[in-house]
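Visitor: Predicted model follows, preceded by the sequence.
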Amino acid sequence: MNACFVRLAVVLMLMVGIAAPVKAAEPLTTEQKHAVEQVIRDYLMNHPDFLIQVLREAQAKAKQDKEDSARQAIVEKRNELVADKSSPVGGNPDGDVTIVEFFDYRCPYCKQVEPSLEALLKDDPKIRIVYKEFPILGPASLYASRMALAAGKQGKYNAFHTAMMAVKGQITEETVRETAATAGVDVAKAQADMNAPDVEAVLRRNYKLAEALDIQGTPAFIIGDVLTPGAADIESLKKMIASARKPG
């Protein structure tokens, strides 16, 4: 039990003693309960800093618990995260550090962080990146992810991915097809392949992985045993990479 909650427990016990001294085994009467509640209200109104401290410590504990849970899930799902051969790979396939990215082509934050990822791959030849298609922003997102995986059957995943991340404004199915064509994808063939069972299976696995890791938005990055949600800046990504490279 942390110090704040110990203090709160002490305060409550003192309140009970002040409001209505009774034997420990006897339940409080309705009047005694009301008296205690009034003392508690008065105390918190007169000491708002105490309540703020309690809330902050509770939030910090919840954050730590979530991070610990994610770390355990990463350990359990390591193979699916970094070694699933059906997941597209960028950078150095034999790199010593793997970045796993869950993303959506319609997510503005994914596009915001894309230049940082491209810079990392350019500047650090030992980085490997695994792309986890995670379309959560509507039918156009799903269509784009299916097209991306179908483009991968033609060896055009990375070209399509880069082109899609550079698209500005609204993304529609027509936008996706036009972008695929500019990336050198045989669009007719990709459209025939995009609803294949293996494409569906990849997306289902990604959704299940995201659920296991409690990923609820995009982008989300996993480097080493750390999960970082949101558009991490390049310096944060570099620190995570450096930490993952540390022995032990």
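Guide: Alright, I've got the coordinates.

Visitor: going forward, measure contacts and count neighbours with C-alpha atoms only.
Guide: Will do.

Visitor: Run through the strands of the protein in chain order.
Guide: Ranges of strands in the chain, per DSSP state E, are 89-91, 97-103, 127-133, 220-223, 226-229.

Visitor: Identify whichever of the ones you listed lies nearest to residue 42.
Guide: strand 226-229 (39.9 Å; C-alpha to C-alpha).

Visitor: List the pairing partners of the closest one within its sheet, with orientation.
Guide: strand 220-223 (antiparallel) (DSSP bridges).

Visitor: Work out the gap between the strand it pairs with and the centre of the chain.
Guide: 7 Å (C-alpha atoms, centre = their mean, to the nearest Å).

Visitor: Could you tell me which ranges of this protein sit under the pLDDT cut-off?
Guide: Flagging of the chain using pLDDT under 70 yields the residue ranges 1-25, 62-68, 70, 248.

Visitor: rerun that using 50 as the cut-off
Guide: For the chain, applying pLDDT under 50 flags the ranges 1-2, 4-6, 9-10, 13, 15-16, 18-22.

Visitor: now the helices for it?
Guide: 3-19, 30-46, 48-76, 78-82, 108-123, 139-152, 157-165, 173-182, 187-193, 197-212, 234-245 (DSSP state H).

Visitor: Can you lay out the strands of the chain as JSON lines showing mean neighbour count and distance to residue 245?
Guide: Shown next, in JSON lines, are the strands of the chain (neighbours: other C-alpha atoms under 10 Å; distance: least, C-alpha to C-alpha, whole Å):
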{"stretch": "strand 89-91", "mean neighbour count": "19", "distance to residue 245": "17"}
{"stretch": "strand 97-103", "mean neighbour count": "23", "distance to residue 245": "7"}
{"stretch": "strand 127-133", "mean neighbour count": "23", "distance to residue 245": "11"}
{"stretch": "strand 220-223", "mean neighbour count": "23", "distance to residue 245": "10"}
{"stretch": "strand 226-229", "mean neighbour count": "18", "distance to residue 245": "13"}
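
Visitor: so which of those strands gets nearest residue 40?
Guide: Across these, residue 40 has its closest neighbour in strand 226-229 (38.1 Å, C-alpha to C-alpha).

Visitor: Send over that closest one as PDB, restricted to the C-alpha atoms.
Guide: Provided in PDB are the C-alpha atoms of strand 226-229 (Å, rounded to 0.1, in the frame of the first residue of the first chain):
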ATOM      1  CA  VAL A 226       8.500  -1.700 -24.800                       C
ATOM      2  CA  LEU A 227       5.200  -0.700 -26.300                       C
ATOM      3  CA  THR A 228       4.800   3.000 -27.100                       C
ATOM      4  CA  PRO A 229       1.400   4.200 -28.400                       C
END
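
Visitor: Would you quantify the distance from residue 148 to residue 240?
Guide: Distance, residue 148 to residue 240, by C-alpha to C-alpha, to the nearest Å: 27 Å.

Visitor: When those two are compared, which one has more neighbours?
Guide: Neighbours per residue, other C-alpha atoms under 10 Å: of residue 148 and residue 240, the larger number sits with residue 148, 27 against 21.
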